[in-house]
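Undergrad: No sequence on hand, only this structure:
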């Protein structure tokens, strides 16, 4: 689990609560179930309306990356490619068949199988780059769902505030209730702006960065696999891959 991501969420929302307390506000003033239902329900409804069902489901699955991101170690990936290269030089490309059978990642399994089958390097590159690009586009579209939520939430929050003010205006005959009623009405605005800027938009940006990092790992894999298929010397492959690797 990414502790820093979890810590970021906790700090962001804790800052609102602590700041409210320092201003003399009560925690109860920030808790309003109707406002929460309006903001979250309205935001979710708008996103469901504009998003295809499969993309929405994929966005839900992808959201786990926020706290459980995929691990990509360029150093380990390069070392693995060098081991495959040495094995291919000793035993031929068919010597990699057992390794291909043991891979669980469909993308990497397909790539190594293409090498074992003796497919031309230029064809291997074209096929794998197409697969990688398609997957990246699909993942980025899923991350965009959270960005859309970040765009809708503040507006829905304002809508919730207006609804609350309408209720307040209906109680003008009771001045004692006006102050509390107005304060409660604006809680919806806090929810909308808060969820957008402290949760939805950061999640969208984080997922986008993780998708691009996974894409970089794919590019490194493709480059190494093509080099193996071309019969390059392991030392040459190492220099080539370390020159394009992107360590975090």
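TA: Okay, I see it. Because the structure is a prediction, the values reported are computed rather than measured.

Undergrad: per-domain residue ranges of the chain.
TA: The chain breaks down by automatic domain parsing into domains covering 1-31, 33-244.

Undergrad: Show me the helices in this protein, by range?
TA: 3-22, 33-50, 53-62, 74-91, 97-102, 106-116, 121-169, 178-185, 187-195, 201-229, 234-244 (DSSP state H).

Undergrad: can you pull the contacts of the residue most central in space within the chain?
TA: Geometric centre of the chain, nearest residue: residue 207, 1.8 Å, by CA atoms, centre = their mean. Contacts for residue 207 were tallied using CB atoms under 8 Å, 6 or more residues apart in numbering; they are 62-63, 65-66, 139, 142-143, 146. Backbone N, C-alpha and C define where each C-beta goes, glycine included.

Undergrad: And the pLDDT for the closest residue to it other than its chain neighbours?
TA: Leaving out its chain neighbours, the residue that sits closest to residue 207 by CB to CB, 6 or more residues apart in numbering is residue 143, at 3.8 Å. Listed pLDDT for residue 143 reads 94.

Undergrad: how about low-confidence regions in the chain?
TA: Applying pLDDT under 70 to the chain flags the ranges 1-2, 29, 171-181, 183-184, 246-248.

Undergrad: how about 90 then?
TA: In the predicted model of the chain, residues 1-35, 66-77, 88-98, 100-105, 118, 160-188, 231, 234, 237-248 satisfy pLDDT under 90.

Undergrad: Enumerate every residue touching residue 94.
TA: Contacts of residue 94 by CB under 8 Å, 6+ apart are residue 116.

Undergrad: With residue 140 instead?
TA: Per CB under 8 Å, 6+ apart, neighbours of residue 140: 208, 211.

Undergrad: quick one: it from residue 220, how far?
TA: Residue 140 is 19 Å from residue 220, where distance means CB to CB, to the nearest Å.

Undergrad: do the same with residue 160
TA: From residue 160 to residue 220 the distance is 47 Å (CB to CB).

Undergrad: Mind checking which of those two has more residues around it?
TA: Per other CB atoms under 10 Å, whichever of residue 160 and residue 220 has more neighbours is residue 160, with 27 against 21.

Undergrad: Quick check: the more buried one touching residue 40?
TA: No: the pair residue 160 / residue 40 is not scored as a contact, 10.2 Å apart, by CB atoms under 8 Å.

Undergrad: Mind listing the shared neighbours of the two?
TA: residue 191.

Undergrad: so residue 127 makes contact with residue 114?
TA: Yes: shown here, residue 127 and residue 114 form a contact pair, counting by CB under 8 Å, at 6.7 Å.

Undergrad: Now distance to residue 102 too, for the contacts of residue 207, in JSON lines please.
TA: Formatted as JSON lines, the contacts of residue 207 follow (distance: CB to CB, whole Å):
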{"residue": "62", "distance to residue 102": "26"}
{"residue": "63", "distance to residue 102": "30"}
{"residue": "65", "distance to residue 102": "25"}
{"residue": "66", "distance to residue 102": "30"}
{"residue": "139", "distance to residue 102": "25"}
{"residue": "142", "distance to residue 102": "29"}
{"residue": "143", "distance to residue 102": "31"}
{"residue": "146", "distance to residue 102": "35"}
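
Undergrad: and which of these is nearest to residue 132?
TA: residue 139 (10.6 Å; CB to CB).

Undergrad: For residue 131, which non-adjacent residue is closest in space?
TA: Nearest residue to residue 131, sequence neighbours excluded (CB to CB, 6+ apart): residue 107, at 6.0 Å.
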